[in-house]
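**Student:** Okay, structure incoming, though there's no sequence with it:
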């Protein structure tokens, strides 16, 4: 649960939450259109199940679009879901990469600062610095 909260925070900070929210709205609208135009899909739940099969590219085959509008919605839903997965994945990976880079830069800055003040450091600080350098090897 904590990871989902962290993921949501990342998505909000980067603006990808709007992409994900608009995708969910598109999914719900596509399910409504599918329910209206497809003769074999009579309930909204069945339409959502069909949309899941389209998005996951599992294509279970238990429900198939037969009308032109149903097929167009299916294609658009598939393309949109591929873009959303690619964008959200890229955003999360980029965010973590930037965080790691910032931490590395901060650590390097602190290390350089201590090196510049070497004569001023206490014996304990020098020992800590020495141990940190040994860990880097």
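**Tutor:** Structure received. Model, not experiment: these values are computed from the prediction.
**Student:** my guess is residue 59 contacts residue 53, does it?
**Tutor:** Yes - using Cβ atoms under 8 Å, residue 59 is in contact with residue 53, at 5.8 Å. C-beta coordinates here come from the backbone N, C-alpha and C atoms, glycine included.
**Student:** Would you mind telling me which of those two has the busier surroundings?
**Tutor:** residue 53 (17 against 11; other Cβ atoms under 10 Å).
**Student:** Show the contacting residues for the more buried one.
**Tutor:** By Cβ atoms under 8 Å, 6 or more residues apart in numbering, the residues touching residue 53 are 59-60, 62-63.
**Student:** quick one, strands of this structure?
**Tutor:** Counting by DSSP state E, the chain has no strands at all.
**Student:** low-confidence ranges in it?
**Tutor:** Residues of the chain that meet the criterion pLDDT under 70 lie in 136-137.
**Student:** most centrally placed residue in it?
**Tutor:** The residue lying closest to the centre of the chain (Cα atoms, centre = their mean) is residue 88, at 3.4 Å.
**Student:** do you know how far it is from residue 48?
**Tutor:** Distance, residue 88 to residue 48, using Cβ to Cβ, to the nearest Å: 20 Å.
**Student:** next one: residue 21
**Tutor:** 17 Å.
**Student:** more crowded one of the two?
**Tutor:** Taking other Cβ under 10 Å, residue 21 and residue 48 do not tie; residue 48 has more neighbours (18 against 11).
**Student:** Am I right that that one is in contact with residue 31?
**Tutor:** Yes - using Cβ under 8 Å, residue 48 is in contact with residue 31, at 4.8 Å.
**Student:** What is the burial count for residue 81?
**Tutor:** Look at residue 81: counted by other Cβ under 10 Å, it has 18 neighbours.
**Student:** Can you name the residues that contact it?
**Tutor:** If a contact means Cβ under 8 Å, 6+ apart, then residue 81 has 23, 54-55 as its contacts.
**Student:** which ones among these are found in helices?
**Tutor:** In helices, judged by DSSP state H, the following of the contacts of residue 81 are found: 23, 54-55.
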